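1. Generate a structure from the sequence data that follows.
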Amino acid sequence: MNHPRILSIGTANPPVRLTQEQTFHAAGYQGERIRKIFLNSDIDYRHFYLEGPPNRDESSDQLNQRYLRGAIRTGCRAILNCVNSARTTVQDVGFLAVCSCTGYVCPDVGSRLIAHMGFSNSVKRASIIGLGCAGALPTLQRAVDFVRANPDRQALMLAVEICSACYYVDNTLETVVGNAICADGAAAFLLSGGPQGHRKHPQIIDFESFIDTEHIEEVGLQHRDGKLRIVLGASIQHLAGPMIEAALQPLLQRHGLSRSRIRFWVVHPGGRKVIDNVQKHFGMTDTQLRFSRTVLRNYGNMSSPTVMFVLEEVVRNGDPRAGDFGVMVALGPGMAAEVALLRW
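-> Predicted coordinates for the structure are as follows:
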């Protein structure tokens, strides 16, 4: 059986790249307590889609329009990087799935990209909205479903977020933390049901989810004064490990695997404390989580694309070999743990 395979990966970020010190000042915060939150986040740099000096007085309409422009430009670059790497074009894509949560437009971002980039007029499409940091994995599953049903066709999935368009300021700790770690970026995977593909890119074997609705309000976005405000409940760092285990255990059991068989842990870096708690819960080594920490340090938390950046880091620097297994892990609103089993 030929499992769907990732043919290529493309990532992109807006051109504005700031250090945490620069971001602290640009955000308009004051005081050493908040500055320490920014500087103690294990993040060195973040990218933002800005159209001039930071404007802390943007209206909700201005924020959503900036989201749209940033999503189209950054998403377009990620798609081009992806298809160019595979030496193909968007005309060859049979299915386009786009996930995003940091703005809302109708027609959706995917339809606008189809028009902007010249996809086929018959391309199938799906828009996955509101799944936050976990959104990439359900979107990947839709792309996998398509190529399983159409093994001679290609699917492309895009995760794109402009978290800076959810900029809201108050004095609560969770708002400060959200503004201290969230960033902008996009990532794309091109998939095929056939045997072709570079040996460094994995097959997608299976998926599992665990949704704990008792904690549905712990993470996500709220509307405040017409703007989107990031919600990051303090409890999520402690919930992460048990929730991931609840999704991971049946996935591994279904395939007769133990955790020791997993060489690559592709874990979404939701924040330093989340990674620390996942590491402690599963007894992982620093080496096992080095790719997640590298992405957090260089990009911050870009919401849904971030776990895709981690897989790109594994492909580039992890030296994956035939027979290696990997697990992609993301946690997001719902509250949901999403996992995917990979095999090289």
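2. right, and A247 touches V339 too?
-> Yes. Between A247 and V339 there is a contact under Cβ atoms under 8 Å: 4.7 Å. From N, CA and C alone the C-beta is placed, and that goes for glycine too.
3. For burial, what's the neighbour tally of G271?
-> Applying other Cβ atoms under 10 Å, we find 25 residues neighbouring G271.
4. what's the answer for P320, then?
-> With neighbours defined by other Cβ under 10 Å, the count for P320 comes to 21.
5. Would you check how far apart A26 and V16 are?
-> Per Cβ to Cβ, to the nearest Å, A26 is found 9 Å from V16.
6. One more: P4?
-> 35 Å.
7. what pairs with the closest residue to V93 other than its chain neighbours across the strands?
-> Excluding the flanking residues, the one nearest V93 by Cβ to Cβ, 6 or more residues apart in numbering is L156, at 4.7 Å. As for beta bridges, L156 partners with L96, L190 under DSSP bridges.
8. So for stretch 24-43, what gets flagged as buried?
-> Within stretch 24-43, the residues that count as buried by 16 or more other Cβ atoms under 10 Å are F24, A27, Y29, I34, R35, I37, F38, L39, S41, D42, I43.
9. swap in stretch 123-135?
-> For stretch 123-135, a neighbour-count test (16+ other Cβ under 10 Å) marks V123, A126, S127, I128, L131, G132, C133, A134, G135 as buried.
10. any chance you could map the helices in the stretch 51-200 of the chain?
-> Using DSSP state H, counting those that start in this stretch, the helices of the stretch 51-200 of the chain run over 60-85, 109-117, 136-149, 173-181.
11. Adding distance to C163, write those helices out as TSV.
-> Putting the helices of the stretch 51-200 of the chain into TSV (distance: least, Cβ to Cβ, whole Å) gives the following:
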stretch	distance to C163
helix 60-85	9
helix 109-117	15
helix 136-149	14
helix 173-181	8
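12. Out of the ones you listed, which gets nearest to R272?
-> Closest to R272 of the helices of the stretch 51-200 of the chain is helix 173-181 (Cβ to Cβ; 8.2 Å).
13. I'd like to know which elements that closest one is packed against.
-> Applying 3 or more Cβ pairs under 8 Å, 6 or more residues apart in numbering; DSSP states H and E, we find helix 173-181 packed against helix 20-26, helix 32-39, strand 227-232.
14. Mind doing that once more with 7 Å?
-> With contacts taken as 3 or more Cβ pairs under 7 Å, 6 or more residues apart in numbering; DSSP states H and E, helix 173-181 sits against helix 32-39, strand 227-232.
15. remind me which residues of this protein are low pLDDT?
-> Applying pLDDT under 70 to the chain flags residues 1, 195-198, 233-237.
16. residue ranges for the strands of it, please.
-> Listed in chain order, the strands of the chain (DSSP state E) span 5-12, 16-19, 45-48, 93-100, 124-129, 154-162, 184-192, 203-211, 219-224, 227-232, 262-267, 325-332, 336-343.
17. just so I know, which of those lies nearest M243?
-> Proximity to M243 (Cβ to Cβ) singles out strand 336-343 among the strands of the chain, at 4.1 Å.
18. Can you spell out which helices and strands pack onto the closest one?
-> If contacts are counted by 3+ Cβ pairs under 7 Å, 6+ apart, strand 336-343 sits against helix 136-149, strand 203-211, helix 236-254, strand 325-332.
19. Please identify the deepest-packed of the ones you listed.
-> Compared across these, strand 325-332 shows the largest average neighbour count, a mean of 25 (mean count of other Cβ atoms under 10 Å).
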